[in-house]
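Enquirer: what's the 3D shape of this:
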Amino acid sequence: MKFIKNISILILLLVSSLSMAQIKFEAKVSKKKLGVNERLRIDFEMNKDGDNFVPPDFKDFQVVGGPNTSVSNFWSNGKRLYTKTYSYFLAPKKQGSFTIKQAKIEIDNKIYKTFPVTIKVTKAIEKPKNPNDPAYIASKNIHLVAEVSKANPYLNEAITVIYKLYVAPTVAANIVGDKQTPQYKDFWNQNIEVKAFRPENGKYNDEDYRYVVLKKVVLYPQKTGKLKLEPYVLDLNVEVPTSRYDIFGNRIVRKVPQSITSGSRTINVKPLPEEGKPADFNGAVGNFTLNVSSTKMSLDAGESLQAKVEVSGKGNLKLFELPKLSVPSSLEVYEPEHAENVRTNLGGMQGRISDIYTIVPQYKGKYPIPQVSFSYFDVNSKTYKRLTSNEIIIDVVNGPSSVTTSESSTDNSIKQTVTTNSNTFAFIKTNSDWVATNKKSFFKSSLFWSLLLLPLLLIPIAILLRNNREKRNADVIGNKRRKADRLAKKYLSEAKKALGQKEAFYIALEKAFHNYLKAKLHIETSDFNKEKIQDLLLERHVEQSVVSEFISILENCELARYTPITQVTMQNDYDKSVKTIGAIDKQIR
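Expert: Here you go, the predicted structure:
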């Protein structure tokens, strides 16, 4: 008996190990060695459907395509063969040896992991110039150009860089994202918002192209000499027409991932001329005006006024300091408040900047605010210019005298004695006129009666709400319809979020159908075929028209991922899915 028991345990262990060995989850790569300018495809393949797929962190690569999901399910020699694959297209970020870590998936309540894969990335390789190669065709028909307004500016002179993407009429391009954005480390920079990509017709190398403006930036060089503009690099999906046609006579288009660069540019920045440079020049470059003003010309001692030093015009307004305001020592002056009203467009900075000084005189008399001088470099005339304000006289009418004179008996010199102002706070109001308030009794007031009668008025409202709720609960058909609509929206919420992104939308839509059928018909992904779904729905008393509509949506999902689809078509498919799932949920038994 003990021998038979041991044999049974051995058989069970063998069967268990065989069943475990039947499940495969592998990572397969298109190549293990590639150039930094090449692309890599990695497939995560399983022979049984699972849930909760978690891809590895592709930290050393840029994902330029995917995840794409494909399912193969067929019978061969009486044996069922099933394969499900998640595919990614990767672009290496730099040279070196990198490891793609494990992916995970849950199959039959167990976690399976792939083995790590090591990829070696070498320097850029020369791609074959095959005129029939879609990648070569894409590279010859897509161009990213950085147009610089001025290659030899002065220090702190504004220049504009406009990045344009030129696309030949024979191909189409979709932007995946920025792979490398210029940092402009030796420039003060300001991005100009591009609100929409509007295609326009233009010329590139004397050939007809369409182009869009991707990025605009205004730069003010902060160093002299040769300064480099870093390249702007984009990842694109380029649609290249092939020589093949589909069954409807339409030319088949192949999508090719492509990285494109604007190349680096060199800006030769000239120093400002030394000849004629004023001693007080502080770096202002452009065309400006100067204005010095005061809010009051006459006031009493202890009152305050605001004096403003303002420079307006066009130039590097945010990159220099305003001239200081000097006032007599007998005026109390506070630190200025800086204000800016500057906008930046393709012509550079325009607007005004100002320093506002608060001044409080303590004594009676007339006080001059001297002239303010400001110098700047005018790019148009290539000369330095000086602006000077007028002198301002502040008249303090009422207040104590600042000095008294007395003659010394020893040296016959005149000494000035400062007298204190005994009435410094005379302008502050110290008396108040108090007004008595009448306090009303709460008893028998309007608020008293309202609070007393409100509960009585709420009783019929509560009864009415309860009757409506009972009536709603008794409406079985209506409740079932509302429940069906909620269920449809729940499963299709992810698809709605992905509207406008073709592949993501239809993947989410298929996943919603999969989860819904799993919940309602209790079938697995391995049984996810249209014939079986149709039979099961008809058996559950769903109308033929609704079943046909559902199968039609499934076919649309399969076809849409390989054909051009508009936003309107995706919205129609989504609305049709909500309506059909709701109808199925109401009719199914």
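Enquirer: any idea which helix or strand of the chain has the worst average confidence?
Expert: Sorting the helices and strands of the chain by mean pLDDT, DSSP states H and E puts strand 403-407 at the bottom, at a mean of 40.
Enquirer: where exactly do the strands run in the stretch 201-350 of the chain?
Expert: Here the stretch 201-350 of the chain has its strands, by DSSP state E, counting those that start in this stretch, at 207-221, 225-229, 233-245, 251-261, 265-269, 286-294, 298-299, 305-315, 331-333, 337-345, 348-361.
Enquirer: Which elements pack onto the last one?
Expert: This points to strand 348-361. Here strand 348-361 touches strand 207-221, strand 305-315, strand 331-333, strand 337-345, strand 392-396, going by 3 or more C-beta pairs under 8 Å, 6 or more residues apart in numbering; DSSP states H and E. Where C-beta positions appear, they are placed from N, C-alpha and C, glycine not excepted.
Enquirer: For the residue nearest to I192 when sequence neighbours are not counted, list the residues it contacts.
Expert: Closest residue to I192 apart from its sequence neighbours, by C-beta to C-beta, 6 or more residues apart in numbering: K216 at 3.9 Å. Neighbouring residues of K216 by C-beta atoms under 8 Å, 6 or more residues apart in numbering: T160, V161, I162, Y163, N191, I192, V194, L346.
Enquirer: ok, 7 Å please
Expert: By C-beta atoms under 7 Å, 6 or more residues apart in numbering, the contact set of K216 is I162, I192, V194, L346.
Enquirer: likewise Y363?
Expert: A301, S330, V396, G399, P400, S401, S402.
Enquirer: and the gap between the first one and V360?
Expert: With the distance defined as C-beta to C-beta, to the nearest Å, A301 ends up 9 Å from V360.
Enquirer: For those two, indicate the residue with more neighbours.
Expert: In this view A301 and V360 are compared by other C-beta atoms under 10 Å, and A301 has more residues nearby, 22 against 14.
Enquirer: how near is the more buried one to S87?
Expert: Separation of A301 from S87 (C-beta to C-beta): 83 Å.
Enquirer: okay, now L236: neighbour count?
Expert: L236 has 22 neighbouring residues, counting by other C-beta under 10 Å.
Enquirer: T383 now?
Expert: T383 has 11 neighbouring residues, counting by other C-beta under 10 Å.
Enquirer: State the distance from the closest residue to it other than its chain neighbours to N316.
Expert: Closest residue to T383 apart from its sequence neighbours, by C-beta to C-beta, 6+ apart: G276 at 6.6 Å. Distance check for G276 against N316: by C-beta to C-beta, it reads 19 Å.
Enquirer: quick one: which of those two has more around it?
Expert: Per other C-beta under 10 Å, whichever of G276 and N316 has more neighbours is N316, with 21 against 11.
Enquirer: Report the contact partners of the nearest residue to the more buried one once chain neighbours are set aside.
Expert: Residue nearest to N316 in three dimensions, not counting chain neighbours: N156, with 4.7 Å by C-beta to C-beta, 6+ apart. Listed by C-beta under 7 Å, 6+ apart, the contact partners of N156 are Y220, P221, G283, V285, N316, L319.
Enquirer: E106 too?
Expert: Neighbour list for E106: G50, D51, N52 [criterion: C-beta under 7 Å, 6+ apart].
Enquirer: one more time with 8 Å, if that's ok
Expert: Going by C-beta under 8 Å, 6+ apart, E106 touches G50, D51, N52, Y112.
Enquirer: I figured the third one hits I105, correct?
Expert: Read that as N52. Yes. Under the criterion of C-beta atoms under 8 Å, N52 makes contact with I105 at 6.7 Å.
Enquirer: So if I had to pick from those two, which one is more boxed in?
Expert: Per other C-beta under 10 Å, whichever of N52 and I105 has more neighbours is I105, with 22 against 9.
Enquirer: Stretch 582-589 - what's its average pLDDT?
Expert: For stretch 582-589, mean pLDDT is 79.
Enquirer: I'd like to know which of the contacts of Y363 are buried.
Expert: A301, V396, G399, P400, S402 (16 or more other C-beta atoms under 10 Å).
Enquirer: now these as a markdown table including distance to G225?
Expert: Listed next are those as a markdown table, based on distance: C-beta to C-beta, whole Å:
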| residue | distance to G225 |
| --- | --- |
| A301 | 56 |
| V396 | 54 |
| G399 | 58 |
| P400 | 60 |
| S402 | 55 |
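Enquirer: how about the helices of the stretch 451-589 of the chain, start to end?
Expert: Listed in chain order, the helices of the stretch 451-589 of the chain (DSSP state H, counting those that start in this stretch) span 476-491, 493-497, 502-521, 530-539, 544-560, 567-587.
Enquirer: Tell me which of the ones you listed sits nearest to G365.
Expert: Between G365 and the helices of the stretch 451-589 of the chain, the shortest gap by C-beta to C-beta is with helix 493-497, which sits at 72.8 Å.
Enquirer: now could you export just the CA positions of that closest one as CSV?
Expert: Extracted in CSV, the C-alpha atoms of helix 493-497 (Å, rounded to 0.1, in the frame of the first residue of the first chain):
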residue,chain,number,x,y,z
SER,A,493,-14.8,54.3,-19.7
GLU,A,494,-11.2,53.5,-20.7
ALA,A,495,-12.1,53.6,-24.4
LYS,A,496,-13.7,57.0,-23.9
LYS,A,497,-10.5,58.4,-22.4
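Enquirer: Can you give me the buried ones in that helix?
Expert: Neighbour counts over helix 493-497 (16+ other C-beta under 10 Å) mark E494, A495, K496 as buried.
Enquirer: Quick check: which ranges of the stretch 1-150 of the chain have low pLDDT?
Expert: Applying pLDDT under 70 to the stretch 1-150 of the chain picks out residues 1-21, 76, 78, 126-131.
Enquirer: thinking again about what came up before, can you tell me which of the contacts of K216 are in strands?
Expert: In this view, these that belong to strands under DSSP state E are I162, I192.
Enquirer: From the contacts of K216, list the buried ones, please.
Expert: Buried members of the contacts of K216, counted by 16+ other C-beta under 10 Å: I162.
Enquirer: Show me which of the contacts of K216 is closest to K228.
Expert: I162 (18.0 Å).
Enquirer: quick one: contacts for the closest one?
Expert: Counting by C-beta under 8 Å, 6+ apart, I162 has contacts A146, E147, V213, K215, K216.
Enquirer: so it bridges to which residues?
Expert: Counting by DSSP bridges, I162 forms beta bridges with E147, K216.
Enquirer: I figured L40 hits A27, correct?
Expert: No. Using C-beta under 8 Å, L40 is not in contact with A27; the gap is 11.8 Å.
Enquirer: Tell me how far the residue nearest to T383 lies from L387.
Expert: Distance of G276 to L387, computed by C-beta to C-beta: 15 Å.
Enquirer: ok, now A196?
Expert: A196 sits at a distance of 41 Å from L387 (criterion: C-beta to C-beta).
Enquirer: repeat for N205
Expert: On the measure of C-beta to C-beta, N205 and L387 end up 48 Å apart.
Enquirer: which one of the two has more residues nearby?
Expert: Taking neighbours as other C-beta under 10 Å, N205 and L387 compare with L387 leading, 15 against 7.
Enquirer: List of residues touching stretch 294-306?
Expert: Stretch 294-306 has contacts (C-beta under 8 Å, 6+ apart) with 307-308, 356-364, 369, 392-400, 421, 424-427.
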